[in-house]
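Undergrad: return a 3D structure for these sequence lines:
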Amino acid sequence: MKSKDGSDYSKYHDIYHPGLHEFKERFGFYDIFLIDFNSGDVVYSVTKEVDFATNLLTGTFRSSGLADVVRSVRKNPVRDKVHIVDFSPYAPSYNAPASFIGSPVYNGQHIVGIIVFQIPSDKIQDIMSSQRNWRKEGMGESGETYLVGADLLMRSDSRFLIEDKETYFDHIRGMGLKEEIITLMDKIQTSILLQPIQTKSAQLAIKGEEGQLITNDYRGVSVLASYSKLDIDGLNWGIISEINEEEAFRPIKRLLRHILLSTAIFIPIIAYLSYLLSQGFMRPVQTLVATAKTIRSQYNTEQFNEGDITKFETEGASEYQELSDEMNQVMHMVRVDSDDIRKKEHEYADLITKALPVAVAERLKNNEELITDSADEATAIFIQIDNSRSVLDFTDLHATTRLMEKLTTKIHESAENNGIDLYDEIGMEFLGICGLTMPYLNHFERSMKFAQSVLKIIEKFNATNETDLKVSIGAEVGPMFGTLQTGRVIGYNVLSDSIYTAQEAAYAGALGQLTVSDMTKEYCEKMRLKLEWEKDTASIKVKGDQCAIWNISKADLGSLK
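TA: Okay, the predicted model is just below:
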């Protein structure tokens, strides 16, 4: 429902709230906040709970997880840096456990605010329990996979709390857990931040180790456990997969019962035929041992397919065949859990490398420890696309999103074809670097071709979609230094005054042309580039001094091949 108070806030709220609400629902966030960077005021919230319009620096919720992520961003407001805080009870959401992700919002070079996403615990729980389909996913009657934090408290719900609450409470009560904690678990129906995990597997996972062992779990029950550290920047979590030891080794116990019963009945016959049967009896055991050694050697490598793993197969008594079948099932369950951990680790590594320039990503894959680049001369090119309102269609936001994605994709493809490392800015602004991570003698000519391609892309986009996008482009040649940042957030940072000069040239220069400073014009003349120059009426400041800017004619850009 729209407000009728006629204020500017209500007007802009009517414009942007539907899109933010749609984004929240589509990606499953609990809430999205916009916070004033300087004051710490919550100026916008999708759900409008009691934290809306409060101050996170001095107000009631200054000690909350939301306030923690805001303080983290204010302390280190690096552009595109993502900050995350661990789960903690959040009072405005009825003390439900909540985690927050935040990042600074820039308008050009100026920071204007902070955007924060509230992550609900139920999304993580759906992933960890496969929508509560433990049996269907091969976890049997007692298997579960859960997360544990550095404080050795759960970050996902216990399977036993969900399936058999009373028995679960009896177990943890017997382990000495305080009654008030059990009462709180029962009330809010979660074990997150309440169930302590003081097991050896959890402690090893938090230390960054991975492996398998038999140990007592948080209920005091002996389990077969597989554990590993879950690498998420900003969090220290471990992931544990367990199944009751009794269930895991039930086939072996069943075999032993059969052997004992058979021995008691057939002792005279066994004594008589022991020599004749010893070879037949030992052959399946030897086969199992040999198979186990083969599986261990295969399993120690990460590069294998499910069909390539040797399976337990024996000849002879049905008990051995049953043991083989049950052991194959146990190995499959452990393999599925470990494969899932490896898969998530590889997906995370792939996601990180895709965010870096191609040359830097390759060096990172080759385990190069210190990645830095420098160039005496490289080109920075800055592109600003205005009037994006002509593309917006609030009646079909999905169509608008797809349209803008196609435009962005074409610009990225053009950058790749011309050897430009492209970085997205806020909105429809792009920064490209040519000649730093990959040295090119013709880095400025490549940047000109990229500018020509972008102008053609925008022109064709406007003609095809009946839009009126405006584009201005600035470029500057100068020394640059780049380094791979491997702190809490991995990224490639470029340091150069040329970036800001290119940006100012784009802002001040004529629309639909490539604008450069006096210094870059002199560089082109020194390199004997035959270009037509048109002096712009505007000027820019470079290191405190006023500097003329020049537009390269459309004819020169149009003649590039």
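
Undergrad: mind checking how far residue 497 is from residue 169?
TA: 64 Å (C-beta to C-beta, to the nearest Å). To be clear about C-beta, it is placed using only N, CA and C from the backbone, and glycine gets the same treatment.

Undergrad: higher neighbour count, these two?
TA: For residue 497 versus residue 169, the count of surrounding residues by other C-beta atoms under 10 Å is larger for residue 169: 18 against 14.

Undergrad: wait, isn't that one in contact with residue 181?
TA: No. Counting by C-beta atoms under 8 Å, residue 169 stays clear of residue 181, with 10.4 Å between them.

Undergrad: now residue 105: which helix or strand?
TA: Using DSSP states H and E, residue 105 falls within strand 96-107.

Undergrad: what about that strand, distance to the chain center?
TA: Its chain's C-alpha centre and that of strand 96-107 lie 14 Å apart, by C-alpha atoms, centre = their mean, to the nearest Å.

Undergrad: tell me the strands beside it, with direction?
TA: When pairing is defined by DSSP bridges, strand 96-107 lines up against strand 83-90 (antiparallel), strand 110-120 (antiparallel).

Undergrad: what's the offset of the longest one from the middle of its chain?
TA: I take that to be strand 110-120. Relative to its chain's centre, strand 110-120 lies at 17 Å (C-alpha atoms, centre = their mean).

Undergrad: am I right that residue 531 falls within a helix?
TA: No. Secondary structure of residue 531 (DSSP: H, G, I helix; E, B strand; the rest coil): coil, not part of a helix.

Undergrad: I'd assumed residue 556 was in contact with it.
TA: Yes. Contact criterion C-beta under 8 Å: residue 531 and residue 556 qualify, at 5.0 Å.

Undergrad: pLDDT below threshold where in the stretch 151-300 of the chain?
TA: Applying pLDDT under 70 to the stretch 151-300 of the chain flags the ranges 262-263, 266-300.

Undergrad: in it, which spans are helices?
TA: For the stretch 151-300 of the chain, helices defined by DSSP state H, counting those that start in this stretch occupy the ranges 159-163, 165-174, 179-188, 200-206, 245-248, 250-265, 267-299.

Undergrad: ok and the third one relative to helix 165-174, angle-wise?
TA: Okay, so that is helix 179-188. 160 degrees (axes from the mean of the first three to the mean of the last three C-alpha atoms, to 10 degrees).

Undergrad: let the chain start at 106 from now.
TA: New numbering, starting at 106: the last item is helix 284-293.

Undergrad: phi, psi for residue 629 please.
TA: Reported as degrees, to the nearest 10, the phi and psi values for residue 629 are phi -60, psi -40.

Undergrad: so what's it closest to, chain neighbours aside?
TA: Nearest non-adjacent residue to residue 629, counting by C-beta to C-beta, 6 or more residues apart in numbering: residue 636, 5.9 Å away.

Undergrad: to what extent is that neighbour buried, counted in neighbours?
TA: Look at residue 636: counted by other C-beta under 10 Å, it has 17 neighbours.

Undergrad: check contacts around it.
TA: Counting by C-beta atoms under 8 Å, 6 or more residues apart in numbering, residue 636 touches 629, 657, 658, 661.

Undergrad: contacts only, for the residue nearest to the second one when sequence neighbours are not counted.
TA: Taking C-beta to C-beta, 6+ apart, and ignoring the residues beside it in sequence, residue 657 has residue 619 as its nearest neighbour in space, at 4.5 Å. Listed by C-beta under 8 Å, 6+ apart, the contact partners of residue 619 are 553, 556, 578, 579, 580, 656, 657, 662.

Undergrad: kindly confirm my reading that the fourth one is in a strand.
TA: Yes. Checked against three-state DSSP, residue 579 lies within a strand.

Undergrad: ok, back up a step: for the strand holding residue 210, list the C-alpha coordinates in PDB.
TA: What follows is strand 201-212 as a C-alpha-only set of coordinates in PDB (Å, rounded to 0.1, in the frame of the first residue of the first chain):
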ATOM      1  CA  ALA A 201      15.600 -16.300  15.900                       C
ATOM      2  CA  PRO A 202      19.200 -16.900  14.900                       C
ATOM      3  CA  ALA A 203      20.300 -14.600  12.000                       C
ATOM      4  CA  SER A 204      23.400 -13.900  10.000                       C
ATOM      5  CA  PHE A 205      24.100 -10.700   8.100                       C
ATOM      6  CA  ILE A 206      26.000  -9.800   4.900                       C
ATOM      7  CA  GLY A 207      26.800  -6.200   4.200                       C
ATOM      8  CA  SER A 208      28.700  -4.100   1.600                       C
ATOM      9  CA  PRO A 209      29.300  -0.300   1.100                       C
ATOM     10  CA  VAL A 210      27.300   1.500  -1.600                       C
ATOM     11  CA  TYR A 211      29.100   4.100  -3.700                       C
ATOM     12  CA  ASN A 212      27.900   6.900  -5.900                       C
END
